[in-house]
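Peer 1: Got a predicted structure here, sequence first:
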Number of protein chains: 2
Amino acid sequence: MTRERTSNLYQGVPLEQRRAARRAALIRAAVAVYGERGYRAATVKSVCAAAGLTERYFYESFANSEALLVASYEAVIDAMLGEMRAAVVGAPAEARAPAVLRSYYAMLRREPEAARVFLVEIAGVSPAVDRVSGAALKAFGLLLDAAVNGADASPASPALLRAGVTGGVIHIALRWIAGGHAEPFDAVVEQAVRLCGTLKPAAT
Amino acid sequence: MTRERTSNLYQGVPLEQRRAARRAALIRAAVAVYGERGYRAATVKSVCAAAGLTERYFYESFANSEALLVASYEAVIDAMLGEMRAAVVGAPAEARAPAVLRSYYAMLRREPEAARVFLVEIAGVSPAVDRVSGAALKAFGLLLDAAVNGADASPASPALLRAGVTGGVIHIALRWIAGGHAEPFDAVVEQAVRLCGTLKPAAT
DNA sequence: AAATTCTGACAACGATCGTTGTCAAAAGCG
DNA sequence: CGCTTTTGACAACGATCGTTGTCAGAATTT
């Protein structure tokens, strides 16, 4: 009988927590590296280096390179959707559309590189990523619809139109960013609000 | 003195024409391979094989792999813009927006895989490609504006809004394709027309 | 017919990268 | 203190791919 270890502690921290911390560090590093060098130029080694960890811990938390991309994407999108939902509930009913869009473009302005990566480079990378980003787009569209039409009869607009408006809002952001944020913030929001007006039920 | 060749003919075809034919074959093959396997999975060798040529002729016509992508993209976009412009001039002034959109979605339905590649996978591949696709987006936006507002005072809509509507039209296509063309063609066009209505000058 | 060019198949090089494996030192536990 | 686990640095493997180079045979011209 050799002596067995009974606790998980290392430097006072249990195993599970250490793993979670490393995982979070890798995701944080991935977002940073993707933003700096672009997703395609980001390697597993470079992300590990940026996280101050080694490949060993990469494969402890992620099955492969793609899994990290998906996890990073979900982390970013969840944070963004959360902030936007907060903006919606924090605004009077008649000013909700501008409120969400303000919140959205403010976040993108805050971190333009990360925005570019997760709005553009993500697309078409792999079927798994496409699934996740498709779901995110859908959630974004529903949020916009709710902001414009109220959260009651939730999807008050046809799905295709919602997809169109959502894509439009994103493309406004992309052109804004591509132009180095030349246009004033309020003008960006204004055009996006106009676009989102299409979501109001047609006056048949 | 050794004997020198004075003509360029080979099998009755001059050199320049043979090279152009090979180049065209490579572009045609590239579009097909991109569509089948996706751009990222497409290798130089696979494109050459599909074209019935070898790497030797690849580097005769293109400096590198990226150059082929750009050339293919431009070929596809030029053809699409041409067809759409024809649709515009062939329609009565008040029905021009539906006419362009009809033409656009019809083309995408005709070749869904190629559409996916050049609408999605292209994005963020390289700065050079981004430049080209940015220009194509701009041209598409101007075409839509002209179809809605008439070709007189050309850009009757703000650039950001135009970018948004353009992106929206594309995203409608993407969702339509992702759903396997489930929605009827006319419904797709109808939603896109609604979206494009935003381009009409605001009734201030 | 002889010389030259064109063509196509394919090997080889070099670089990159994801993934796995090794190993020794540090840290914790009894 | 002995023993185990954890950690981190890094080598190595294997696969892929872009790009260049080789070479023999077919086509063409004089």
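Peer 2: Cool, the structure landed. Not measured: the values here are computed from a predicted model.

Peer 1: Count residues in the vicinity of residue A:131, would you?
Peer 2: 11 (other C-beta atoms under 10 Å in any protein chain shown). Just so you know, the C-beta spots here come from the backbone N, C-alpha and C atoms, and that holds for glycine as well.

Peer 1: lowest average confidence, helix or strand, in chain A?
Peer 2: helix A:112-116 (a mean of 85; mean pLDDT, DSSP states H and E).

Peer 1: Spatially, what comes nearest to residue A:194 if we skip its sequence neighbours?
Peer 2: residue B:198 (5.7 Å; C-beta to C-beta, 6 or more residues apart in numbering or on different chains).

Peer 1: Likewise for residue A:51?
Peer 2: Nearest to residue A:51 is residue A:29, by C-beta to C-beta, 6+ apart, at 3.6 Å.

Peer 1: unless I'm mixing things up, that neighbour is touching residue A:43, no?
Peer 2: No: the criterion here is C-beta atoms under 8 Å, and residue A:29 misses it with residue A:43 at 12.0 Å.

Peer 1: more neighbours, those two?
Peer 2: For residue A:29 versus residue A:43, the count of surrounding residues by other C-beta under 10 Å is larger for residue A:29: 21 against 12.

Peer 1: Now do the least confident helix or strand of chain A: which elements does it pack against?
Peer 2: Counting contacts by 3 or more C-beta pairs under 8 Å, 6 or more residues apart in numbering or on different chains; DSSP states H and E, helix A:112-116 is packed against helix A:15-37, helix A:159-178.

Peer 1: quick one: pLDDT of the most centrally placed residue in chain A?
Peer 2: Centroid-nearest residue in chain A: residue A:77, 2.3 Å away (criterion: C-alpha atoms, centre = their mean). Note for residue A:77: predicted pLDDT of 96.

Peer 1: Tell me, how many residues neighbour residue A:55?
Peer 2: For residue A:55, using other C-beta under 10 Å, the count is 12.

Peer 1: For it, which residues are in contact?
Peer 2: By C-beta atoms under 8 Å, 6 or more residues apart in numbering or on different chains, the contact list for residue A:55 reads A:44, A:45, A:48.

Peer 1: go with 10 Å
Peer 2: Residues in contact with residue A:55, defined by C-beta atoms under 10 Å, 6 or more residues apart in numbering or on different chains, are A:44, A:45, A:47, A:48, A:49.

Peer 1: What of residue A:21?
Peer 2: Taking C-beta under 10 Å, 6+ apart as the test, what residue A:21 contacts is residue A:13.

Peer 1: Can you give me the pLDDT of it?
Peer 2: 96.

Peer 1: could you measure residue A:142 against DNA strand D, distance?
Peer 2: As judged by C-beta to the nearest atom of the strand, to the nearest Å, residue A:142 and DNA strand D stand 38 Å apart.

Peer 1: you'd agree that residue is in a helix?
Peer 2: Yes: per DSSP: H, G, I helix; E, B strand; the rest coil, residue A:142 lies within a helix segment.

Peer 1: how long is stretch A:87-107 from one end to the other?
Peer 2: 12 Å (C-alpha to C-alpha, to the nearest Å).

Peer 1: That stretch and chain B, are they touching?
Peer 2: No: interface with chain B: stretch A:87-107 contributes nothing (C-beta under 10 Å from any C-beta of the partner chain), its closest point being 10.9 Å away.

Peer 1: buried residues in that stretch?
Peer 2: A:87-88, A:91, A:96-105, A:107 (16 or more other C-beta atoms under 10 Å in any protein chain shown).

Peer 1: possible to save these as CSV with distance to DNA strand C?
Peer 2: Formatted as CSV, the buried residues of stretch A:87-107 follow (distance: C-beta to the nearest atom of the strand, whole Å):
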residue, distance to DNA strand C
A:87, 36
A:88, 38
A:91, 42
A:96, 41
A:97, 40
A:98, 41
A:99, 39
A:100, 35
A:101, 35
A:102, 37
A:103, 33
A:104, 30
A:105, 32
A:107, 27
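
Peer 1: any chance of these in JSON lines, plus distance to residue B:168 and secondary structure?
Peer 2: Supplementary listing: the buried residues of stretch A:87-107 in JSON lines, determined by distance: C-beta to C-beta, whole Å; DSSP: H, G, I helix; E, B strand; the rest coil:
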{"residue": "A:87", "distance to residue B:168": "22", "secondary structure": "helix"}
{"residue": "A:88", "distance to residue B:168": "21", "secondary structure": "helix"}
{"residue": "A:91", "distance to residue B:168": "24", "secondary structure": "coil"}
{"residue": "A:96", "distance to residue B:168": "20", "secondary structure": "helix"}
{"residue": "A:97", "distance to residue B:168": "16", "secondary structure": "helix"}
{"residue": "A:98", "distance to residue B:168": "18", "secondary structure": "helix"}
{"residue": "A:99", "distance to residue B:168": "21", "secondary structure": "helix"}
{"residue": "A:100", "distance to residue B:168": "17", "secondary structure": "helix"}
{"residue": "A:101", "distance to residue B:168": "14", "secondary structure": "helix"}
{"residue": "A:102", "distance to residue B:168": "20", "secondary structure": "helix"}
{"residue": "A:103", "distance to residue B:168": "20", "secondary structure": "helix"}
{"residue": "A:104", "distance to residue B:168": "15", "secondary structure": "helix"}
{"residue": "A:105", "distance to residue B:168": "16", "secondary structure": "helix"}
{"residue": "A:107", "distance to residue B:168": "20", "secondary structure": "helix"}
